[in-house]
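Engineer: Turn this into a structure:
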Amino acid sequence: MRLAAVVLAAGSGRRFGSDKLSASFQHEPLVFHAIRAARAAPVGRVIVVAHPALDLGSWPDKPCTEVIRLASSALSDSLRAGVCASGDVDGLFVFLGDMPLVPHDIAGRLAERLGDHYAVMPSHDGRPGHPVLLSQRAFADVLKLKGDAGAGKLLRGRDDVVFEDCPDPLVHLDVDRPDDLGWLASHGRERE
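Structural biologist: Here you go, the predicted model:
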């Protein structure tokens, strides 16, 4: 199975008040943690859809990725750009740039369950989390999304979406405000 991953990192971070993806978390930019989780997935390529102002090249030990610059902060635009850049793959993992502590082992478990399903996603305490693994059949629907609608709109209520039970609540935890960084640092764990 040919898989790729996209890290969505083009948002404006309005609630954060500044460029949250460049904010320091565990001694490096927040987005690097999401990129590292994507690189741990069973993929041939990792694509980062990034805002033009996001500096991905000035830090040492930069995770190797392909970068697409996108001036739009609409989630649907980022997701469409990632799908278009992924090429001829059987599935695409969608990682969010503001989720630094996604367990690195979850992507492999999702890939094992994809089969003929529309998508696979982790679930903790009955709530879906990230990353999401979209099948190639979902791509045409993603290309029709508009505005700030993400893939969640496509996945709700479908009987061909599989949920992989995950004991780790970190599949839900994202950064919206500066205080979230401190909370994650004290309640999360060191990167894997």
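Engineer: Show me the strands in this protein, by range?
Structural biologist: Remark: strands assigned in the chain by DSSP state E are 3-9, 24-25, 28-29, 45-50, 66-69, 91-96, 119-124, 127-128, 132-135, 161-165.
Engineer: Paired strands for the longest one, with orientation please.
Structural biologist: Meaning strand 3-9. Strand pairing for strand 3-9, determined by DSSP bridges: strand 45-50 (parallel), strand 91-96 (parallel).
Engineer: can you list contacts of the last one?
Structural biologist: Right, strand 91-96. For strand 91-96, the surrounding residues in contact (Cβ atoms under 8 Å, 6 or more residues apart in numbering) are 1-8, 34-35, 37-38, 41, 43, 79, 82-83, 86, 102, 107, 110-111, 114, 130-136, 139, 151, 174. Where you see a C-beta, it was placed from the backbone N, CA and C, and this is true even at glycine.
Engineer: ok, now with 6 Å
Structural biologist: Contacts to strand 91-96, defined as Cβ atoms under 6 Å, 6 or more residues apart in numbering, come from residues 3-8, 34, 37-38, 41, 86, 107, 114, 130-135.
Engineer: Could you check how far the lengthiest helix in the chain is from the centre of its chain?
Structural biologist: Using DSSP state H to define each element, the chain has its longest helix at helix 75-86. Here the centre of helix 75-86 is set off from its chain's centre by 12 Å, with Cα atoms, centre = their mean, to the nearest Å.
Engineer: and the strands of the chain as TSV, adding distance to residue 180 and mean pLDDT?
Structural biologist: Output for those, formatted as TSV (distance: least, Cβ to Cβ, whole Å; pLDDT from 0 to 100):
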stretch	distance to residue 180	mean pLDDT
strand 3-9	16	95
strand 24-25	10	82
strand 28-29	15	85
strand 45-50	20	94
strand 66-69	25	91
strand 91-96	13	96
strand 119-124	18	96
strand 127-128	18	92
strand 132-135	21	97
strand 161-165	25	95
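Engineer: For the least confident helix or strand in the chain by mean pLDDT, buried residues please.
Structural biologist: The helix or strand of the chain with the poorest confidence is helix 178-187; it has a mean of 75 (mean pLDDT, DSSP states H and E). For helix 178-187, burial by neighbour count (16 or more other Cβ atoms under 10 Å) applies to 180, 181, 184.
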